[in-house]
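Trainee: What would the 3D arrangement of this be:
(one chain, ligands or ions: 2)
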Amino acid sequence: MDEQFLDLLAQKYDTEEKIITEIINLEAISNLPKGTEHFVSDLHGEFQAFQHVLRNGSGTVKEKIKELFREVWTDQEINDIAALVYYPEEKIQLVIGELSNKTALNQWYRQTIEHMLKLISYASSKYTRSKLRKALPEQYVYIVEELLYKTDSTNNKDPYYEEIYRQIISLGQADKLIIGLAYTTQRLVVDHLHVVGDIYDRGPDPDKIMDTLIHYHSVDIQWGNHDVLWIGAYAGSLVCLANIIRICARYNNLDIIEDIYGINLRPLLNLAEKYYEDNLPFRPKLQTGHNGSEQEILQITKIHQAIAMIQFKLESPIIKRRPYFNMSERLLLEQIDYDKNEITICGKTYKLENTCFTTVNPQKPEQLLEEERQVMEKLLFSVQHSEKLARHMNFLMKKGSLYLKYNGNLLIHGCIPMDEEGNMEEMQIEDKTYAGRQLLDVFEDYLRYAFAHPEETEDLATDMVWYIWTGECSSLFGKREMTTFERYFIQEKEAHKERKNPYYHLRENEEICRRILQEFDLNPNHGHVINGHTPVKEISGESPVKANGKMIVIDGGFSKAYQSTTGIAGYTLLYNSFGMQLVAHQKFNSKEDVLCNGTDVLSLKRLVDKELERKLVKETNVGEKLLQKISNLKDLLDYRYMK
Ligand SMILES: O=P(O)(O)OC[C@H]1O[C@](O)(COP(=O)(O)O)[C@@H](O)[C@@H]1O
Ligand SMILES: [Mn+2]
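Mentor: Ligands and ions are numbered 1, 2, ... in the order given. Presented below is the predicted three-dimensional model:
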């Protein structure tokens, strides 16, 4: 071992006792059961449903409450304390409103604090005291530890403990303490969160999800195609920027752009007012609670057309300057017969309907009007100077990656591009060819480069971010083409079809999944591929667990827009020391419903994989680091004290 390194380490561990204490501590931690991992995906801006799943740990909170109190409590009592753990601030207010006098309320405080402490003690049984301490409400650590670690079997200290409770209540601290303990419980039931992509688009509150993730104790993100679109916009890709605005217009969410991220849409609106009229396929999808006035809807419809046409124009030059993107079939504006109002795609001619081509010059269809160019320039400036967007995008980059190997599993939002035979699909980029893991690594390198160079807007890295959104070899898109244009302007459904990468039927096959795991140097006997991206149509009998358990698809569609096709409101996955469990969620109504009626409609659990022996920290990624640290400390011990 390098002596310089050991000398550095010795600065921190400067006595034999310190080294030994740390070795004992780390060895002990390595032998604890592994913490619970929680996997969610395809949140699509649905903050309310997401935060509910996060707060209840996909049912883990209630499970712990039941294990502890089932014998003595009614269902109502169990629901009440569960709601208190999920939404403590609101639940306390409800209780205060219900209880008629101070004595009753104080009694409730006294009992509730005791119950919460029992729950915390139970939920933290597999953690060290130090880890629990870090999860406790900071200002009450001392008091809570006194109450948690009562060791007196003679009851001599009973009056002392009673006095602590009395003081907490009489000093008006009970609310704050209970709220703190509720958050501690939430934190204890889930050790680490994985978000397997698609935080953004369709739903109303992606920013709130981002803020929640930023404050979450332990999280990683596997980017989804929609997240990459937002990263691309921020990194200087005008076509990605046009896309995010188009999708926000389509889902009646332009206030995310304007009010939340502070991006001025006025220039775009002016352009839209000048060139566009009402047009059915561009009317926003309205969601309950978001219905605007007729005039607002008309404005959005116009913006939607303006930005969609800019998007289509911006695609052409990229397709032309990157022949290896293999997208020449998508030069759609050039395939239009503007006199006949027809388009020919892959040799087939279709009639165009509801067109809005006033800004298109048939001789040079890709050319932006000077006004359009200026609008995009202003929008990009605004996007790149939004403080909030910068914060959210930086966090996505810091915690995110295209795929992740974690505790033996492979986490990926979309797919591993393959050919029909199950070989890794090759893509040529400039003069090199890549496939499988190498291709994904190259995609990620380009994406990181583009993000680091927001001033470059037409370089390969920036174009590549758009390719990851929509290209046929993208590991996040997983389809041959994105038929956005066809869906707006062509009636025939056959033109709307987006052919999926063979991966999506091959992934049913265990051998293929084993091959994928091997491609990523993971043990195929133990590992799983964990996927998001494609809604699992439980309604039509599709199973989220595939390939003899090697493949787990957890996009259950938090997205309201997709719930009618899936029949449920999402899958999440839990992986604790006993094994993996898939949780199916029913549609989430509202927080109020949970608070008042105790409806916490979970969740059918399905065992995916059971560990033969309880899995310990030392067998995990974190454990690997601990074992390395132990080995370093042992070297230090030899070097300094055992000569
Ligand atoms: O239903 P919408 O919002 O029009 O979106 C459809 C588009 O979204 C995509 O499905 C991509 O989004 P997902 O990652 O959510 O699947 C495209 O393939 C398709 O063209
Ligand atoms: Mn997706």
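
Trainee: okay, CA-based contacts and neighbour counts for the rest of this
Mentor: Will do.

Trainee: residues contacting the closest residue to ligand 1 within the stretch 51-200 of the chain?
Mentor: Across the stretch 51-200 of the chain, no residue is closer to ligand 1 than D198, which sits at 6.9 Å (Cα to the nearest ligand atom). Listed by Cα atoms under 8 Å, 6 or more residues apart in numbering, the contact set of D198 reads S41, D42, L43, H44, W223, G224, N225, H226, D227, H413, H533.

Trainee: Could you measure from the closest residue to the first one other than its chain neighbours over to Q363?
Mentor: Right, S41. Spatially, and ignoring its direct neighbours in sequence, S41 is nearest to V196 (4.6 Å; Cα to Cα, 6 or more residues apart in numbering). Per Cα to Cα, to the nearest Å, V196 is found 44 Å from Q363.

Trainee: same thing with A390?
Mentor: For A390 relative to Q363 (Cα to Cα), the value is 39 Å.

Trainee: Have a look at those two and say which one is more surrounded.
Mentor: Each of A390 and Q363 has its neighbours counted (other Cα atoms under 10 Å); A390 has more, 16 against 9.

Trainee: buried residues in stretch 66-86?
Mentor: For stretch 66-86, burial by neighbour count (16 or more other Cα atoms under 10 Å) applies to K66, L68, F69, I78, N79, D80, I81, A82, A83, L84, V85, Y86.

Trainee: Compute the first-to-last residue distance for it.
Mentor: Across stretch 66-86, first to last residue, Cα to Cα, it's 15 Å.

Trainee: contacting residues around it?
Mentor: 52, 55-56, 61-62, 65, 91-92, 119, 122, 179, 182-183, 185-186, 594-595, 598.

Trainee: can you pull the buried residues of the top helix by length along the chain?
Mentor: Longest among the helix segments of the chain by residue count, using DSSP state H, is helix 294-321. Buried residues in helix 294-321, defined by neighbour count with 16+ other Cα under 10 Å: 297-316, 318-319.

Trainee: What parts of the stretch 151-300 of the chain come near ligand 1?
Mentor: Taking Cα under 6 Å from any ligand atom, the part of the stretch 151-300 of the chain that reaches ligand 1 is made up of N225.

Trainee: Residue of the stretch 151-300 of the chain nearest ligand 1, please.
Mentor: For the stretch 151-300 of the chain, Cα to the nearest ligand atom, closest residue to ligand 1: N225, 5.7 Å.

Trainee: I'd like to know how far that residue sits from R515.
Mentor: Distance of N225 to R515, given as Cα to Cα: 24 Å.

Trainee: Of these two, which one has the most company?
Mentor: N225 (28 against 17).

Trainee: same for ligand 1: which of the buried residues of stretch 66-86 are within range?
Mentor: Of the buried residues of stretch 66-86, not one also sits near ligand 1 (Cα under 6 Å from any ligand atom).

Trainee: Just the closest of these to A495, please.
Mentor: Y86 (46.1 Å; Cα to Cα).

Trainee: Now do stretch 371-379: everything it contacts.
Mentor: Around stretch 371-379, the neighbours that count as contacts under Cα under 8 Å, 6+ apart are L238, I263, N264, L265, P267, L268, L271, I310.
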